[in-house]
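A.B. asks: test case, fold it:
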Amino acid sequence: MTEKTTERKRKVCCWLWHVFDALDENKNGLVDKQQLRIITAHIGNSLGVNNSSLVANRLAEYFKDSPDSINFTDYYDFISSQKFIEGDLIDMKKFEDVSWMLCSKKYKGRELESFHLNDVYKLWQIFNILVEPDVFPISIDREEFEILLEKMVTAMGKKWKQAQFDELYKDKQFLKFTELLSALECDYGRLMDKMVLQMAVKDVHDECVREVEKKGMIKKKGHMIKSWKERWFVLMQDSITYYTDRSEQEAKGQIVLTPLWKVELIDDGKYKNMFRLYKDEKSTNEKTSYEFSASDRRERQEWVSAINLVLKRLQVEDCSMILQGAQERQQERIKIRNQQKEVEEKQRQKDEEIELMKKRLEEKEREAEEEAEKRKKMDEEETARREKMAKDKELLEEQMAALLLEHEKTMNQAEAAAEMRRKRELEEEKRRQDDLEELKKREEELNDMKGAVEEAERRAKEEAEKRHLKELEEEEKQSILKEEKEKQAQELARIQTERAEAEKKLEQEQELRKQKEEEEMRKTNEYLEELKRKEEQLNEVRLGMEDAEKRAQMEEEQKLAEQRRREELELLNKDLEDLLQSEKQAKRDEEIVRAVQARLLDEESEKREQLERLKEEQEKMLKEERERRENLEQRSEELEIQRLEQARVLEEERMKLEDLEEKRIDADNKLKEAMVKLSAAEKNSEEKRRKREELNRPIGLARPIQPRARPLTCHRGEGVFTPKYLDAMEQLYIKQKVDDKPFNNETNGYSTKDGISNCDVPALVINNEEINNVISDSPEK
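C.D. replies: From the prediction side, this is the model:
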């Protein structure tokens, strides 16, 4: 199974669980079969699956023997067995949208709706990327939850507080999506502006879901019209999309990246800091070269490095650094969990072995306790028997002393009787001697038996000493031997008693023989019968001795069995020691595993520190980007203010222009009025001139005498007014005009150089000295 197929199955399982959880109204992990059948058919029809109705009907048949409600595991096993939505032709984006549509209702009407439903959908997508595999209900690890919350809080513009997080979630290992949403709305995003929350969700969504590598405003050269325009570019893992502005609402185009694309720096042209994105192969259907211009060299290098990084990932078919880090952390957690399971399984097996050995040891201890109780009971019985034997021995000694006295008396009486009746009872005496010999033999046998008993006592003492040196088990044998000894002593006492009785009977018989020989004969016969009976009893005693020997052998066998049990206990003790050694080895192995885990954790912390450093660098870059963005925004605001100011100035100028236009119109009107007045004045002047001419016209003459215009003639004759003289007069005229000297209204009766009549120009007060001075100062022409 490829990684792509595994990832598809994980996503399908995650989305189906969200739908299943939305249908679980009682929160007991069970959903009605009819509801699942309808939902299955709806999902299949939405995705265009041909056999969706057939699979929905099979669901009812598959679970016909089950209760009305089924759990998610059984439902997902059924969907997997039917291969319902595992084909490569299934539109995964549409499946995700259908799943969100079915489960989004449960997120409406929350207590604090700080996020819009579209933002909740983005958070839902981020959560589904970070879920832990094979963990139900669907949830994310505490580590990923912490990283995601830290990203969100940082994107909100707040400072991350580790202590607050540890206090809130110190007892939780896995957390669900509802807990993530509650944490953002109730704990970290409470009373914040919704626009700030929306921007934070968008930034994290771009980073985790869209896998945006870089964003920014750069200039792009047009394709058809070779003009340069600023566009907002978004670099993702498989494409570059550019928009009209940073709101990313209107997309102007998209560049689909493949491993064939390359990026390089080019020389500055119309703009500076230029670079080019091109493809080696020629194609008539698509553009294969793009030219860009960054604001500065640093930004250009950042774009080139980011595009090269994305192209390298396309060559190896790898994901972004953020998702790669999340996958690596997830693999490490799975590896650690598997190691912990193996260690727990080994520990469980060892615990079972130890428990089994403990049970065996308890059984052995219980058997030993029972054996000790038996021994204690036997010791008590042996003590009682010893006490009884001591008492019986004392009685036996007393009886033996009495028997000896009686025996001496009996012997004396027998000897006296023998001497008195020797003659008459020779045969009887002989028979009696035979009986006595027989008795002696029996006494010898008794003495032999007594020696055997003494030998048994000696052996018993030796065995007692051996048992005392070894263990308490040997004392048991000694007690048994002593018991047998006491039994033998009792038998001996009984035999001696019987012998005393026999002797007493013999004495009675002798006494009776004195009286009646017949009674003696009868008593002698009885005595012989008694001897036979005693002989039988002696045989019984021999049999008892044989039984005692057999019992001694049995005791020896018990001793051997006890020794074997002791050896078994020693072997058991040795096994326990081996188990202890194995337990110590297991502990050492566990310490090694813990050391490996600690090393893995250290490596993970190092990787995390590297990621944090990368994150800090990215945050620094992001901060600089934000600063540039703020500067640009501030600059745009300043430009906007300047534009407004210019518009205001233009408006003011326009108003001034309108005022000037009105003034011009008024001036034109006044000019027209002045022209009208001037025309009227000219008419009046003309009328006055005409009247003056009429007054000056001589009466009676054909015509008035008019002076001739002779420029160089005066009353002093011709040639007086030379050009120098006239220029000097003009200069004096201009000077007096500038100096505002008063005019003389008198006329001199001559014309000026310019042909102006002296009637129209007032005469100047000019003397000849001034004129001569001007002529002398002027250079000669």
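A.B. asks: residues near W124, how many?
C.D. replies: 20 (other C-beta atoms under 10 Å). For every residue, glycine as well, the C-beta is placed using N, CA and C.
A.B. asks: oh, and call the first residue 36 from now on, that's how I've got it
C.D. replies: Fine by me, first position is 36 from now on; the one you just mentioned is W159.
A.B. asks: wait, it sits on D132?
C.D. replies: No: using C-beta atoms under 8 Å as the test, W159 is too far from D132 to be in contact (11.3 Å).
A.B. asks: what's the neighbour count on G64?
C.D. replies: So G64, with other C-beta under 10 Å, has 15 neighbours.
A.B. asks: so for it, what pLDDT did the model give?
C.D. replies: Note for G64: predicted pLDDT of 83.
A.B. asks: what do you get for S328?
C.D. replies: At S328, pLDDT is 91.
A.B. asks: give me the beta-bridge partners of it?
C.D. replies: K254, M309 (DSSP bridges).
A.B. asks: that one: what's it in contact with?
C.D. replies: With contact taken as C-beta atoms under 8 Å, 6 or more residues apart in numbering, S328 is in contact with I253, K254, K255, K256, W263, Y306, K307, N308, M309.
A.B. asks: could you measure from the third one over to N666?
C.D. replies: It stands for K255. 22 Å (C-beta to C-beta, to the nearest Å).
A.B. asks: who's more crowded, those two?
C.D. replies: K255 (18 against 11).
A.B. asks: what is the neighbour count of the closest residue to that one other than its chain neighbours?
C.D. replies: Leaving aside its sequence neighbours, K255 sits nearest to R266 (C-beta to C-beta, 6 or more residues apart in numbering; 5.1 Å). Using other C-beta under 10 Å, R266 is surrounded by 19 other residues.
A.B. asks: do the same with N85
C.D. replies: 8.
A.B. asks: what's the helix ranked longest in the chain packed up against?
C.D. replies: Counting residues, the longest helix found in the chain (DSSP state H) is helix 552-731. Counting by 3 or more C-beta pairs under 8 Å, 6 or more residues apart in numbering; DSSP states H and E, the packing neighbours recorded for helix 552-731 are strand 249-256, helix 356-455, helix 461-505, helix 507-550.
A.B. asks: for K726, find the nearest of these.
C.D. replies: strand 249-256 (83.9 Å; C-beta to C-beta).
A.B. asks: and the next helix or strand past that closest one?
C.D. replies: strand 263-270 (DSSP states H and E).
A.B. asks: would you mind writing the CA trace of the following helix or strand past that next one as PDB?
C.D. replies: Next along the chain after strand 263-270, taking DSSP H and E as the criterion, comes strand 274-278. The C-alpha trace of strand 274-278 is given here as PDB (Å, rounded to 0.1, in the frame of the first residue of the first chain):
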ATOM      1  CA  SER A 274       1.500  26.700  -8.300                       C
ATOM      2  CA  ILE A 275       1.900  30.500  -8.100                       C
ATOM      3  CA  THR A 276      -1.300  32.500  -8.100                       C
ATOM      4  CA  TYR A 277      -1.400  36.300  -8.500                       C
ATOM      5  CA  TYR A 278      -4.200  38.600  -7.600                       C
END
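A.B. asks: and the contacts of the following helix or strand past strand 274-278?
C.D. replies: Counting by DSSP H and E, the next helix or strand C-terminal to strand 274-278 is strand 286-291. Strand 286-291 is contacted from outside by R266, D273, S274, I275, T276, Y277, Y278, T279, L312, Y325, using C-beta under 8 Å, 6+ apart.
A.B. asks: burial measure for the second one, as a count.
C.D. replies: With neighbours defined by other C-beta under 10 Å, the count for D273 comes to 11.
A.B. asks: ok, which pair from the contacts of S328 is furthest apart?
C.D. replies: Farthest pair in the contacts of S328, by C-beta to C-beta: K255 and K307, 14.8 Å.
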